[in-house]
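J.: would you be able to build a 3D model of this:
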Amino acid sequence: MGTRDTRRTEIPPGTLDMLILKSLARGAMHGYGIAEHIHHMSEDVLEVEEGSLYPALQRLLIQGWVSAEWGQSENNRRARFYRLTAAGRKQLERELSEFERVMRAITRVIRTA
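T.: Residues are numbered from 1 along each chain as shown. The predicted model follows:
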């Protein structure tokens, strides 16, 4: 039987906002739901801590890339739900494009090194 790697993997600098925006492209979510989505979609590799998530969400609100409103969570708790704005969709496209460009460059270096 294989053993599971339990080391925490840091989210690469500059990618948290992109991951949040990409998560919200699916629809409105509360903070815990965003963190869980990223964790699940990364196959339990990436873990977003509250101390990083909520300041990032605040930055995105200030930039106008997300909006927020209070509502009820699935377990009947009051929660703030975040939604991607039109400006956020454009920003997500820019960030994904830049990320893919950088990843292609890194791949070229790795393959030729």
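J.: got phi/psi on residue 76?
T.: Backbone torsions of residue 76, given as degrees, to the nearest 10, read phi 70, psi 30.
J.: ok, now the one 5 residues further on?
T.: With angles defined as degrees, to the nearest 10, residue 81 sits at phi -100, psi 130.
J.: gap between the closest residue to residue 45 other than its chain neighbours and residue 38?
T.: With sequence-adjacent residues excluded and distances taken as CB to CB, 6 or more residues apart in numbering, residue 45 is closest to residue 9, at 5.1 Å. Where you see a C-beta, it was placed from the backbone N, CA and C, and this is true even at glycine. Distance of residue 9 to residue 38, given as CB to CB, to the nearest Å: 11 Å.
J.: need the residues touching each of those two.
T.: Common neighbours of residue 9 and residue 38, using CB atoms under 8 Å, 6 or more residues apart in numbering, are residue 46.
J.: neighbour-wise, which of the two wins?
T.: Neighbour count, other CB atoms under 10 Å: between residue 9 and residue 38, residue 38 has more, with 20 against 11.
J.: contacts only, for that one.
T.: 19-20, 23, 46, 48.
J.: element containing it, please.
T.: Following DSSP states H and E, one finds residue 38 within helix 31-41.
J.: for that helix, buried residues please.
T.: Neighbour counts over helix 31-41 (16 or more other CB atoms under 10 Å) mark 31, 33-35, 37-38 as buried.
J.: ok, of these, which one's closest to residue 55?
T.: residue 31 (11.1 Å; CB to CB).
J.: any idea how far apart the tips of stretch 61-77 sit?
T.: When the termini of stretch 61-77 are compared using CA to CA, to the nearest Å, they are 22 Å apart.
J.: any idea how far it is from the middle of the chain?
T.: Offset of stretch 61-77 from its chain centre (CA atoms, centre = their mean, to the nearest Å): 15 Å.
J.: cool, stretch 44-53 as well?
T.: Put simply, stretch 44-53 sits 9 Å off its chain's centre (CA atoms, centre = their mean).
J.: mind listing what's buried in it?
T.: By neighbour count on 16+ other CB under 10 Å, the buried set for stretch 44-53 is 46, 48, 53.
J.: helices or strands up against the helix ranked longest in the chain?
T.: Secondary structure of the chain per DSSP state H: the longest helix is helix 86-112. Secondary-structure packing of helix 86-112 (3 or more CB pairs under 8 Å, 6 or more residues apart in numbering; DSSP states H and E): helix 16-24, helix 50-63.
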